[in-house]
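# Sequence and predicted structure are below.
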Amino acid sequence: QKKFEYLKVGRCGEENKVAFIELYRPKALNALCNGLMLELNETFDWIDNDNTIGCAVITGSEKAFAAGADIKEMQPKHFSEVYRDNFLEHWNRITRLRKPIIAAVNGFALGGGCELAMMCDMIYAGEKAQFGQPEIIIGTIPGSGGTQRLPRLVGKSKAMEMVLTGDRIGAEEACKFGLVSKVVAPEKLVDEAIKTADRICQHSPLIVKMAKEAVNASFEMTLAEGVHFEKRMFHQTFATSDRREGMTAFVEKRKPNFSNE
Ligand code: CAA
């Protein structure tokens, strides 16, 4: 696997089908500088293009998932520059990842760090994780989906509270509000995320992509449009070998052998 400056990237899981990304910029609490984001995007291209990978896990350190966009990099910037160059636009690459990605969050997930976690498909948190959108404290607002994804996940009142005060919430509260789906001991977090990734890898990679696309459509469509889209995708699974194999295996009381076709 390629050596990066700000990431450790590898493979893990029972059948080596899980891509594992560790944000590694310890001196800055994994602040998301441009170099780090470019390396992440390169890694996402690899994950999407490698058919032997079924799912991904992204994590940081025990102290910080990521403390946000790099404030020292942003500090001297002016409107003309950020507008002209569409600053942070490339952060969205992760939302076009077609395979599932699980964020395993220990420590701080602040600003862009919280936004990066919310762009993943699910978030698991260590007991000491802290989530926040503290941009207001430094005179700006969330710039990578925080004002849009957070209210969809935790509701208006909690999102407003977090975005307007800059206050952080802990893992339990994040779980109660639906931002996080599982809270575990910090040292067990990564294993727990890999275990879930492994479960996903047991299914047909083709159908997993369809399921992810269908759930994501629910955030972009009305209920009627979404249900219609789902029905079309459901019918499309009947055009695949893996749908036939899955149901045949059930009927024959054996394990399915999926082909990604
Ligand atoms: N950018 C750049 N450097 C950062 C950083 C960030 N977001 N967060 C932490 N660091 C650096 C610190 O500057 C410090 O470096 P030096 O030792 O060179 O001074 C190092 O990481 C350790 O940080 P602290 O000494 O501050 O550690 P702490 O434990 O006392 O505090 C913290 C931890 C509460 C997370 C604090 O570092 C903090 O508040 N960080 C900023 C959080 C923030 O505001 N994030 C939002 C950024 S804006 C954004 O993300 C925009 C967007 O929506 C995309």
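Looks like it arrived, so ask away.
# Show me what from the stretch 51-200 of the chain comes close to the ligand.
67-72, 88, 108, 110-112, 115, 134-135, 138, 142-144, 146 (Cβ under 6 Å from any ligand atom). Yep, even glycine has a C-beta here, placed from its N, CA and C like the rest.
# 8 Å - rerun?
63-64, 67-74, 88, 91, 108, 110-113, 115, 132-135, 137-138, 140-144, 146, 166 (Cβ under 8 Å from any ligand atom).
# For ChimeraX, write the selection for the buried entries among those.
This is the ChimeraX syntax for the buried subset of these, where burial follows 16 or more other Cβ atoms under 10 Å:
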select :64,67,68,69,70,74,88,91,108,110,111,112,113,115,132,133,134,135,142,143,144,146,166
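# ok, the closest residue to Thr248 other than its chain neighbours - how many residues close by?
Distances taken as Cβ to Cβ, 6 or more residues apart in numbering place Pro256 nearest to Thr248, at 7.8 Å, with adjacent residues excluded. Pro256: 17 surrounding residues under other Cβ atoms under 10 Å.
# ok so, going back, where strands are concerned, which of the residues of the stretch 51-200 of the chain next to the ligand count?
Among these, DSSP state E puts 64, 108, 110, 132 in strands.
# Output those residues in JSON lines, with pLDDT and distance to Cys12 appended to each entry.
Listed next are those as JSON lines, based on pLDDT from 0 to 100; distance: Cβ to Cβ, whole Å:
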{"residue": "Ala64", "pLDDT": "98", "distance to Cys12": "21"}
{"residue": "Phe108", "pLDDT": "98", "distance to Cys12": "24"}
{"residue": "Leu110", "pLDDT": "98", "distance to Cys12": "27"}
{"residue": "Gly132", "pLDDT": "98", "distance to Cys12": "29"}
